[in-house]
Every structure is written in structure tokens, then in C-alpha cells.
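[1] The following comprises the amino acid sequence and a computationally predicted model.
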Amino acid sequence: MRERVVAVVVAFLVGGVGAAWAQWGQDPLLDRAAGKKAQGGVVVRDGAVAWEDDDSDDVVWTFKRGDCVVALSRSLISQYEFREKNGRVAVQWLDKGMKGKIKTGWMELADLAKFNYDCGCESPECFPFSGAGGISTMAWNPCVQEAYDWRLERLDAQQVREEPKPAKRSGGSSQASKEKPLTNKDVVELVKLDLGDDVVIAKIRQAPREELDVSTAALGELKGAGVSKAVIQAMIARAGERK
């Protein structure tokens, strides 16, 4: 990953913005036409993650609902369009939300509400970023910002329409409040029962409450106890949903 970033920065300095993002060759389609659109997305849930590669188990970022990402061009001529590979799409984002350093990874398309943005703000190659204090600090260009704001507003409105009204509570505690929070110890015990990763992951996702420890030390203990990468990934995602 570091080598890719270095290659991008060198290309940026030598060949300009457009050349910096011309990478990894796919269909060489020109995107300099007037009215050209590129793609971005609003993250639709807390705990959505980005992986290092299309087939990697290594999580490089955990998002919050409402975060902004854009499609990463992986063509000889820049094409900022979502293209699935192994069920994932290549994306870029800024590490401080709307400003910061550019990060790169792979996400599930289902975690994004897509939008299209105009390519005419900064460069004919649909480059989505604008300088905001030097090469290491960027911001979304006005075209991306406008499209993102529009999509987020509609996503919020849709959520309000779909949210169920709270049910009237009868006396006494609910069943969910009586159930103990799911802990790392519970996960290890489930794994030892040899129920399979699918069952354990479903339990992690559906538990009404959780107190999962996903610190570095705890992850090492989980691995030593035989917990698989897929289960650990589900624990990290669930812990990331905390408000």
C-alpha cells in the first residue's frame, strides 16, 4: 500500500493531477468530454469498514454513517467509477472527514448510497480533491461537496421516513435489557462450541447489547484462542456501531 501512495505522489509532482491518478490499467476510456460525471458515495451505517485490498481480511478504516468516499480510478485513463471486484469496490476518502490526507481501500458497495458529481471543478480527469494547505492536506472539490450534501440530505430524509415509531412500553424491563451484554469471553465460548463462523457472526450482529473489547491486546488474545479473522472482523464492525 505504501508503494502505491509513493507512486501516486511522484506522478502528481511529475505529471500533474491527472497523471497522478492514472493507475493499474483497465478499459482505457477517455473522460474529458463535457458533462462527464464521476461517482462517490455516502456511508449508510456506522461500523462500515474498508479493507486493504479486494480480497484482504485486513481492515484499514472504520467509517461512521454520513462519511464521504469517492470511487478510485484504476484505469489507464482516469475513470472515477465504482467497479466491483470480489464483491468490493475501490474507494478513497479523507482521514479527517471533509479535509485531511487521502486514504485508499476497498468497501462493500452495499454500505454506500451512491451519487454522481460533475468533473469540471478541478481537472478534466474528474479528480475529486482540492488543495487545502499543501500536498499532504486535501479537501473535496466543490463538485463533490455539492453532490455529497445533496445525497446526504436525501439519505437523512429517507431515514426519518423509515424509522419506526417507538412502541409503548408496558411495565417491567424488556427482554433485551435483561440479557447480559455480549463479551469477548462469550465469543470465545461460542467458537469453542464449533458452531461455525456464520453462527458466531450472526450472534455478534444480533446481540441486543455488547461490551466487546477490540483493543490491540484483546485482539491478540482472541487470535490466540482460535477466533477466526472473519469473527474478529465482525466484532470490530459491531464495536464501531457504538454512538
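    Cool, got the structure.

[2] And for Gly40, nearest residue in space, chain neighbours not counted?
    Spatial nearest neighbour of Gly40, excluding adjacent residues (CB to CB, 6 or more residues apart in numbering): Val70 at 4.1 Å. To be clear about C-beta, it is placed using only N, CA and C from the backbone, and glycine gets the same treatment.

[3] element containing that neighbour, please.
    Counting by DSSP states H and E, the element that carries Val70 is strand 68-71.

[4] returning to that earlier point: next up, the contacts around the residue nearest to Gly40.
    Ala38, Gln39, Gly40, Gly41, Tyr80, Val91, Gln92, Trp93, Tyr117, Pro128, Val144 (CB atoms under 8 Å, 6 or more residues apart in numbering).

[5] what about the fourth one, which helix or strand?
    Here Gly41, judged by DSSP H and E, is contained in strand 37-43.

[6] what sits up against the helix or strand following that strand?
    Proceeding N to C from strand 37-43, the next assigned helix or strand is strand 49-51, under DSSP H and E. With CB under 8 Å, 6+ apart as the test, strand 49-51 has contacts from 57-63, 88, 91, 93, 103, 105-107, 233, 236-237, 240.

[7] for this structure, what spans make up the strands?
    Remark: strands assigned in the chain by DSSP state E are 37-43, 49-51, 59-62, 68-71, 88-94, 99-100, 102-108, 112-118, 129-131, 138-140.

[8] ok, and which of these has the densest surroundings?
    strand 68-71 (a mean of 26; mean count of other CB atoms under 10 Å).

[9] Output that strand as PDB, restricted to C-alpha atoms.
    The C-alpha trace of strand 68-71 is given here as PDB (Å, rounded to 0.1, in the frame of the first residue of the first chain):
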ATOM      1  CA  CYS A  68     -18.000  10.600   2.200                       C
ATOM      2  CA  VAL A  69     -16.000   8.500  -0.200                       C
ATOM      3  CA  VAL A  70     -15.300   8.500  -3.900                       C
ATOM      4  CA  ALA A  71     -14.600   5.800  -6.500                       C
END
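
[10] and that strand, average pLDDT?
    For strand 68-71, the mean pLDDT works out to 95.

[11] Who does Val69 form a beta bridge with?
    Gly41 (DSSP bridges).

[12] low-confidence ranges in the protein?
    Across the chain, the ranges flagged by pLDDT under 70 are 1-35, 74-78, 122-124, 132-135, 160-178, 243.

[13] rerun that using 80 as the cut-off
    For the chain, the stretches flagged by pLDDT under 80 are 1-35, 73-79, 120, 122-125, 132-136, 158-179, 242-243.

[14] Give me the nearest residue to Glu52, chain neighbours excluded.
    Closest residue to Glu52 in three dimensions, ignoring its sequence neighbours and counting by CB to CB, 6+ apart: Asp58, at 4.3 Å.

[15] Name the nearest residue to Val227, sequence neighbours excluded.
    Closest residue to Val227 apart from its sequence neighbours, by CB to CB, 6+ apart: Val191 at 5.3 Å.

[16] OK, contacts around that neighbour?
    Contacts here follow CB under 8 Å, 6+ apart; on that basis Val191 touches Val200, Ala225, Gly226, Val227, Ser228, Val231.

[17] mind giving me the domain ranges of this protein?
    24-158, 175-239 (automatic domain parsing).

[18] for these, which one ends up most surrounded?
    Using mean count of other CB under 10 Å, domain 24-158 ranks as the most buried of the domains of the chain, with a mean of 18.

[19] Run the chain-centre distance for it.
    10 Å (CA atoms, centre = their mean, to the nearest Å).
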